[in-house]
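Novice: Fold the following for me, if possible:
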Amino acid sequence: MQFFPFRPYPSQEEALRFLGEAVHRRLPSSISLLSAPTGTGKTALLLATMIEWFERCGVEEQHPREEGIEPSDWLAKAALDARAKRTEEARTEVLSFVESLLRVCERYTTHADAEMLSNYALEPSRKQMGPYESAFRVLSLEGTMRPDRYAALVATREFLHHKRVLIASRTHVQLEQLRTSFEAHFRKYGRVAVVLGGRDALCIHPERPLGIDIEDIGDFCDSLRNSTGCPLHTPLRLLLGSGAYLKHGGGSLAKERCHELGACPYYSARQAALLSEVIFLTHNSLADELLQRPHSLQLLATEEILILCDEAHAFPDVIASSFSANAEIDDITIFRTALRRYLNKFRAHMDPTTVRALDRLGDVLKQIVARSGAIVPRDGVLASLTDSLTQLGLGRYDFRAVVELLRQKRMVPKLASQAEGDEAPISKSRLYKVLNLLEGMRASATDDIVLYRLDDASGEGQSVRLVRLGTGAQNPFRKLLSQEQRERPALLCFTSGTIEPFQAFEDALFEDLECPPNCLAIRHVAPSTGMHVRYCGMFDGMESFRFVSTAFNDERYLQELCNFLGQVGRLRGVQGPVGTVVFLPSYGVIEKVKRVWTEISTTPTIPTYFESRTCKVSDLLEKYRQALETDNAIILAAAAGRLGEGVDLRDALCRRLVIVGIPLPNLHDPIITQRQARSNGKYAYRRAFQVINQCIGRGIRHSADWCSILLLDGRYVEHKEDISLWAREQLHPIPSCSEYLASLEAFEKKVATCVPPG
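Specialist: I've put the predicted structure just below:
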């Protein structure tokens, strides 16, 4: 409780008890799922759990570093410390040397000190110092460390820390917020913590191309180190940089310190992580560790480990993307068009081999589009990658060589610049989808990989999908939780504002594990008086409706919907202008509603904004915010789009929230069909309600927030149990849309008397 800046709410106390029981292994499973709405202090909950775990493990607090070490005697001091710890095994002595060396490196503060240390690595005469020679050799100070090995630093993992905590979140911004909270409240406990940042944010190389994409910067870095060598990546500079990260943990201060020392911040952070007890990392980096990819740091190879995953609702998609690739037919056409334009401009200046390879790729892309009908599943049966490539006439095409060429030549940014005239800019993300699909096609022949064309439910779009099946056998959690593999199975805690329905999360990650996770959903810290949650399945004078795909093709339904949304949006706010956020099942539906909306003369009287696939969300939200300064406003967005999660629509930005229909996944997808069959028809609705609960979570963001939430579809009465606990407890039916308007007005008048404006 002492980790909260205020007395915890009852729901927070309930969450702390649950996580405490998990930490002390008093619950049946090693996996725990916590659904905690936004505003319930998940950061404090996670960090308090971390401290309790360390206390349960009996890990002693680290002692402060010695003060007053002079730069001139750093090496002698390190050697003496190593000799003092000497054991019968020379390897242990070297590990002690490394530990002492890093602790001393951590103390340096001037560029001159760094230069002095670098001289030990750069001047051979300075390295012939008897007792230090073997240590220099083990540390590989004569040359550059290979990218897949960190010399003795990797080995120090086992020696220095037998217990470790990994704290994962979705983005680097969220990680920095977690680190800041850690520094403010938990550094006093003596824990060493490091943030693993991304190359795009941490690369400081002077030759870094301007505007390089996050997808390309890894290739740029690897090619630089493997060819001419990177001056920021010498072993001793990385030791210095890791010292900076051990001292500062991350953020701009650690990066600036690495810049002063001439050390790569990205690799310095990775080395420091090997020596840290607490590591903050993204979902993607956690997936790397779980799947033991070649560039992982093997952070899970410790005696005992606790994994805390925040924003966990997004993590299943991260794991799934490791086994799949997807590109729309339109994406492939855009890629081919851009490639043709590029070759027309630069063919004369390119080497013939490259031109032939890219010309052939253009033909291959044309062939995939033209023959994609041959890989449409028949009777729900999926063909293997080998069989599908044969159907496309590409069984012998060398996908591996062309993918390596595209990455080596950094072709995606070049193709993205090939828009002509008044055309919209070419989306790099769409080009990268095609590149990832081609990369998946280069896999060796196996029946576990399928390739097929999928038509969306409306018949308006087509995509080519590649999926690796049998992920249950490759479940990344099986080994982590197995007592046969580890003396003590790992502990995993997944938290999110909207992780419900729990069964959907279990289906995605833990379907084949023997013991199901422990689950807890807590209530919101906001009072129930600020929650007005209703569901309705009837327009006035019409029969009960279900907003399935055919309903959005019915002009009558669309007109009634637009009229009703206009009435909700125009209703005057008691405390000033208010925003109405409307979530629709897809971008295609938004376009249909937009067409009818503009045709109805009564609706344009209120500022209205529509999300699209290509719009910049930050710009759209800024226009919406500006409109709310003087008048009510409405914004319509896709339920599974960018506004549906991760966007903070607090206070007046979202006083009224309407969710129209149920955003089911594509039921024509054979993989969805198979999972539907295994779950007795429940899988698709579980997936849909994960999205719906994300949308509901936009409504109330803190303890003093309030919002009216309307679920508009006749099917909600059948699926109330899939809605988040805090909203479900306030959920009531309402007979018709006109009665909802009266109920909304009464709610806002009542809440205005007990909640301050905001």
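Novice: Could you list the low-pLDDT ranges of the stretch 1-150 of the chain?
Specialist: Of all residues in the stretch 1-150 of the chain, those with pLDDT under 70 make up the ranges 1-6, 59-150.
Novice: center of the protein - which residue?
Specialist: With the centre of the chain defined as its mean C-alpha position, the nearest residue by C-alpha atoms, centre = their mean is R170, 3.4 Å away.
Novice: what number of residues lie near the closest residue to that residue other than its chain neighbours?
Specialist: Of all residues not flanking R170 in the chain, E311 sits nearest, at 4.3 Å (C-beta to C-beta, 6 or more residues apart in numbering). To be clear about C-beta, it is placed using only N, CA and C from the backbone, and glycine gets the same treatment. E311: 21 surrounding residues under other C-beta atoms under 10 Å.
Novice: For E311, give its distance to Q174.
Specialist: Between E311 and Q174 the computed distance is 7 Å (C-beta to C-beta, to the nearest Å).
Novice: ok, now L16?
Specialist: Going from L16 to Q174 by C-beta to C-beta gives 21 Å.
Novice: do the same with T753
Specialist: 36 Å.
Novice: Could I get the full set of strands for the stretch 401-550 of the chain?
Specialist: 449-455, 462-468, 491-496, 518-521, 531-536 (DSSP state E, counting those that start in this stretch).
Novice: So which of those is nearest K428?
Specialist: Minimum separation from K428 across those (C-beta to C-beta) falls at strand 462-468, 18.1 Å.
Novice: Tell me which strands the closest one pairs with, and in which orientation.
Specialist: strand 324-328 (antiparallel), strand 449-455 (antiparallel) (DSSP bridges).
Novice: need those strands in CSV with mean pLDDT, can you?
Specialist: Listed next are the strands paired with strand 462-468 as CSV, based on pLDDT from 0 to 100:
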stretch, mean pLDDT
strand 324-328, 92
strand 449-455, 90
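Novice: would you list the ones you listed in CSV and tack on mean neighbour count and distance to R430?
Specialist: Below are the strands paired with strand 462-468 laid out as CSV (neighbours: other C-beta atoms under 10 Å; distance: least, C-beta to C-beta, whole Å):
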stretch, mean neighbour count, distance to R430
strand 324-328, 19, 8
strand 449-455, 21, 17
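Novice: Would it be right to say that L34 lies in a strand?
Specialist: Yes - note on L34: a strand contains this position according to DSSP: H, G, I helix; E, B strand; the rest coil.
Novice: Walk me through the domains of this structure.
Specialist: 157-321+477-491, 324-468, 528-752 (automatic domain parsing).
Novice: Show me what counts as buried in stretch 667-687.
Specialist: Of all the residues in stretch 667-687, those buried under the rule 16 or more other C-beta atoms under 10 Å are 669-673, 675-676, 679, 682-687.
Novice: Could you tell me which of the residues you listed belong to strands?
Specialist: In strands, judged by DSSP state E, none of these are found.
Novice: Looking at the residues you listed, which is nearest K247?
Specialist: Of all these, R687 has the smallest distance to K247: 44.7 Å, by C-beta to C-beta.
Novice: who's in contact with the closest one?
Specialist: R687 makes contact with A504, L664, P665 under the criterion C-beta atoms under 8 Å, 6 or more residues apart in numbering.
Novice: Cheers, nothing more for now.
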